[in-house]
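In: 3D model of this:
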Amino acid sequence: MQAPLAERMRPTSLNDYIGQTHLVGPGSILRRMIEQKRVSSFILWGPPGVGKTTLARIIANTTNAPFYTLSAVHSGVKEVRDVIDRCRTEVNSMFSQGRPILFIDEIHRFSKSQQDSLLGAVESGVITLIGATTENPSFEVIRPLLSRASVYTLKPLDATELQTLLSNAINNDEILSKMEVKVESTDALFRFSGGDARKLLNILDLLEQSTAAGEPLIISDAVVTERLQENPSAYDKGGEMHYDIISAFIKSVRGSDADAAIYWLARMVAGGEDPEFIARRLVILAAEDIGLANPNALLLANATFDVIRKIGWPEGRIPLAECTIYLARSPKSNSAYCAINKALEEVGRSGDLPVPLHLRNAPTSLMKEMGYGADYKYPHDFPGHFVQQQYLPDQLLSARFWQPAENPSETRLAGK
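Out: Numbering: from 1, shown residues only. This is a model prediction of the structure:
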């Protein structure tokens, strides 16, 4: 049986790997780690089809380390402990080739007890853990494990990288390279791919399989759209469609269209989507897109998340619907989102600027002698519990990160 194009084109070395140059490009952190064969535990976080599993396999191939893999969907605590025992035996063997790598796909699906079972092995060096997740590790990975593993974010492939992927498949695949391929336009192909390499290759697979023997394979906006309308599951292998639907859901709430938001919510409910997955998105939406325009939105979203954990399906659809409609119809502001991004950009530019002396703690007499905490004004000692003083580093005295949006709530906060 012929392997799918995405599997046939899976790269086996960094030289063939496309995208994620911020992680694997020349001089980057993961490339240095791989080239020096000194890989520490980390978690790869990114959308489907951007190379998380492939990168883990490349690391194993390059470092020649024993490589074990588990899927969080099919593995329990027993399977985790069995693999760790094998790794421990491997490490203690006189023929050991280095610390074993344990790759866990979809690590966000591991329960707390399953993640706890990894801690000792990671900390003692029995295994190097590489996790892959499409979910925010801050929500899904326990804090002790996060403290023992770095988190690296992978990005969707851009148009240039998708073009490189397309050219490689046409020129190097064992089937496509023997066909006459006519590339007339790629806008639809790249749009339906959505930065997902696997999705692009699945679409190419569909085009190849639906091309009659002896006929040229045509890649054009019209052909791609027509073939996908005939067989929409072709670019949804492995359930990637749920990312398209959650995207439509998020954009509908952000756009204040309650009817559209409820429709996409119903699609997810009917499809058996994980209710916590939806609830997490509502929490993020409340903070990112509604924010200070209606701070109660975050409280309701968080309460919804808590309720969902308690009741699940099918009753969970009701609080999810309530929260969805409330968020969709709430006033919108992304001022807090923009403020933290702007502040992070400044931190990236200016680095670790010193804290003004009067803001520092002085727990020892030496620190007091050095001026730590001197001249600090305690706001509660002043009328209105406020006093003007410097809080930013000297180099950023004129910096302004938060720009209040035009809504009653933020107008009050800004004191206008």
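
In: Based on its surroundings, how many neighbours for residue 104?
Out: Using other CB atoms under 10 Å, residue 104 is surrounded by 26 other residues. No exception for glycine: its C-beta is placed from N, CA and C like everyone else's.

In: State the helix or strand in which residue 132 lies.
Out: Secondary structure from DSSP states H and E places residue 132 in strand 128-133.

In: cool, residue 218 as well?
Out: strand 217-219.

In: I'd like the next helix or strand past that strand.
Out: Downstream of strand 217-219, the first helix or strand assigned by DSSP H and E is helix 221-230.

In: pLDDT of the helix or strand following that next one, averaged?
Out: Next in sequence after helix 221-230, counting helices and strands by DSSP H and E, comes helix 241-254. Average pLDDT, helix 241-254: 82.

In: Going forward, count from 226.
Out: Let's use 226 as the start, then, which means that last one is helix 466-479.

In: What count of nearby residues applies to residue 528?
Out: 14.

In: how distant is the strand holding residue 443 from the center of its chain?
Out: Remark: strand 442-444 is offset 33 Å from the chain centroid, using CA atoms, centre = their mean, to the nearest Å.

In: Adjacent strands (with direction) for it?
Out: With DSSP bridges as the test, strand 442-444 is paired with strand 406-408 (parallel).

In: Show me what whatever helix or strand comes next after the partner strand is packed against.
Out: Scanning forward in sequence from strand 406-408 by DSSP H and E, the next helix or strand is helix 412-418. Helices and strands touching helix 412-418, by 3 or more CB pairs under 8 Å, 6 or more residues apart in numbering; DSSP states H and E, are helix 384-397, helix 422-434, helix 446-455.

In: for the helix or strand of the chain with the lowest mean pLDDT, the distance to its chain's centre please.
Out: Lowest on mean pLDDT, DSSP states H and E among the helices and strands of the chain sits helix 590-594, with a mean of 70. Centroid separation for helix 590-594 versus its chain: 45 Å, with CA atoms, centre = their mean.

In: Report all helices and strands that the next helix or strand after it contacts.
Out: Going down the chain from helix 590-594, the next helix or strand is helix 633-638, by DSSP H and E. Applying 3+ CB pairs under 8 Å, 6+ apart, we find helix 633-638 packed against no helix or strand.

In: burial measure for residue 264, as a count.
Out: Residues near residue 264, counting by other CB under 10 Å, number 19.

In: is it true that it touches residue 290?
Out: Yes - with contact defined as CB atoms under 8 Å, residue 264 reaches residue 290; the gap is 7.4 Å.

In: Please enumerate the shared neighbours of the two.
Out: Residues touching both residue 264 and residue 290 (CB atoms under 8 Å, 6 or more residues apart in numbering) are 284, 326, 353.

In: residues contacting the residue nearest to residue 422 when sequence neighbours are not counted?
Out: Leaving aside its chain neighbours, residue 422 sits nearest to residue 274 (4.9 Å; criterion: CB to CB, 6 or more residues apart in numbering). If you count contacts by CB under 8 Å, 6+ apart, residue 274 has them with 420, 421, 422, 423, 424, 425, 465.

In: Give me the three-state assignment for residue 228.
Out: coil (DSSP: H, G, I helix; E, B strand; the rest coil).

In: what about it, neighbour count?
Out: Burial of residue 228 is recorded as 10 neighbouring residues (other CB under 10 Å).

In: Next one: it from residue 299, what distance?
Out: Residue 228 sits 21 Å away from residue 299, going by CB to CB, to the nearest Å.

In: swap in residue 283?
Out: Note on residue 283: its distance to residue 299, by CB to CB, is 23 Å.

In: roughly how far apart are the residue nearest to residue 422 and residue 237?
Out: Distance of residue 274 to residue 237, given as CB to CB: 18 Å.

In: Repeat that for residue 370.
Out: From residue 370 to residue 237 the distance is 29 Å (CB to CB).

In: picking that back up, in PDB, please show the C-alpha coordinates belonging to the helix or strand following the strand holding residue 357.
Out: Beyond strand 353-358 on the C-terminal side, the first helix or strand identified by DSSP H and E is helix 362-365. Taking C-alpha atoms only, helix 362-365 is exported to PDB below (Å, rounded to 0.1, in the frame of the first residue of the first chain):
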ATOM      1  CA  PRO A 362       1.300  24.500  27.800                       C
ATOM      2  CA  SER A 363       0.500  27.100  30.500                       C
ATOM      3  CA  PHE A 364      -3.000  25.600  30.600                       C
ATOM      4  CA  GLU A 365      -2.300  21.900  29.900                       C
END
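
In: what's in contact with helix 362-365?
Out: Identification of contacts with helix 362-365 by CB under 8 Å, 6+ apart yields 268, 270, 332, 333, 358, 371, 376, 505.

In: Equivalent analysis for stretch 511-520, please.
Out: So stretch 511-520 is contacted by 478-479, 522-523, 525-527, 552, 555-562, 629-630, 632, 634-635, 638 (CB under 8 Å, 6+ apart).

In: Just the buried subset of these, please.
Out: Buried residues within the contacts of stretch 511-520, defined by neighbour count using 16 or more other CB atoms under 10 Å: 478-479, 522-523, 525-527, 552, 555-561, 629-630, 632, 634-635.

In: ok so, going back, mean confidence (pLDDT) on the strand holding residue 443, please.
Out: Mean predicted lDDT for strand 442-444 stands at 92.

In: mind listing the strands for the stretch 476-625 of the chain?
Out: In chain order, the stretch 476-625 of the chain shows no strands, with DSSP state E, counting those that start in this stretch as the criterion.

In: Skipping adjacent residues, who's closest to residue 481 in space?
Out: residue 553 (5.6 Å).

In: In this structure that neighbour contacts residue 477, no?
Out: Yes - counting by CB under 8 Å, residue 553 does reach residue 477; the two are 6.9 Å apart.
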